[in-house]
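Engineer: mind folding the following:
(2 chains)
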Amino acid sequence: GAGVSQSPSNKVTEKGKDVELRCDPISGHTALYWYRQRLGQGLEFLIYFQGNSAPDKSGLPSDRFSAERTGESVSTLTIQRTQQEDSAVYLCASSPGQGRNTGELFFGEGSRLTVL
Amino acid sequence: GQNIDQPTEMTATEGAIVQINCTYQTSGFNGLFWYQQHAGEAPTFLSYNVLDGLEEKGRFSSFLSRSKGYSYLLLKELQMKDSASYLCAVRGRAGKSTFGDGTTLTVKP
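Structural biologist: Numbering: from 1, shown residues only, chains lettered A, B, ... in the order given. Okay, the predicted model is just below:
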């Protein structure tokens, strides 16, 4: 597609349930990021995929969070046993990577997660 | 790791000039970005600096001093639509971009 696509746009779940959030990056972008943004706050880094390199998982807040990426395509962020503190907007971004490009990030519209 | 600081809030008048500062500490540096984020929307790219100096793009300019770990975003001829959050982000050598908490700018008539 023309831009980064995320689904679902909104998700309301009960505490303790698992959720999966999906991100379709811009075709050809080798880098993919997940960030979390709580209401009125900045972007909190979660995980970064770059090509075939091992992902940088240093931002995942607990072992309840995991993410996968299929090649240089779709990524899924999974949150197990959700807690109320997980309520936030989860933003996905992709980038052409480095080299000739500036490496700016192109963001999706986000998935708003509400844990009741 | 990276530590990025920027003011939480700023207010300015329509037609004026405003400067939003960003200071950072990083173990590796490979570029500094500014993004704009309107309420309820995704961030969008504004500017990129990797070398010292000023980059100008229309009403927006961004400055970088790598030795001081300092950048600013300058907005001229402010318009009401410029009311938004402005996010400073630093990219490390491995390509990962880390964001500051953002500066909420309110433009008043």
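Engineer: quick one: low-confidence ranges for chain A?
Structural biologist: A:1, A:97-102 (pLDDT under 70).
Engineer: what parts of it come near chain B?
Structural biologist: Contacts of chain A with chain B, taken as CB under 8 Å from any CB of the partner chain, map to A:31, A:33, A:35, A:41-43, A:45, A:48, A:50, A:56, A:91, A:97-98, A:102-110. In short, each C-beta sits where N, CA and C put it, glycine included.
Engineer: how about a cut-off of 10 Å?
Structural biologist: By CB under 10 Å from any CB of the partner chain, the residues of chain A that approach chain B are A:3-4, A:6, A:30-31, A:33, A:35, A:37, A:40-45, A:47-48, A:50-51, A:53, A:56, A:58-59, A:89, A:91-93, A:95, A:97-98, A:101-110, A:112.
Engineer: drop anything exposed from these.
Structural biologist: With burial judged by 16 or more other CB atoms under 10 Å in any protein chain shown, the buried subset of the residues of chain A next to chain B is A:4, A:6, A:30-31, A:33, A:35, A:37, A:42-45, A:47-48, A:50, A:56, A:59, A:89, A:91-93, A:95, A:97-98, A:102-110, A:112.
Engineer: now do the strands in chain A.
Structural biologist: All strands of chain A, identified by DSSP state E, fall at A:5-7, A:10-13, A:19-24, A:31-37, A:44-50, A:65-69, A:75-79, A:88-95, A:106-107, A:111-115.
Engineer: out of those strands, which comes closest to B:T8?
Structural biologist: strand A:31-37 (15.3 Å; CB to CB).
Engineer: restrict that closest one to CA atoms and write it as CSV.
Structural biologist: Backbone C-alpha positions of strand A:31-37 (Å, rounded to 0.1, in the frame of the first residue of the first chain) are rendered in CSV as follows:
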residue,chain,number,x,y,z
ALA,A,31,13.3,-1.1,9.0
LEU,A,32,10.2,-1.5,11.2
TYR,A,33,9.6,-0.1,14.7
TRP,A,34,7.0,-0.5,17.4
TYR,A,35,6.4,2.4,19.8
ARG,A,36,3.9,2.8,22.6
GLN,A,37,2.3,6.2,23.4
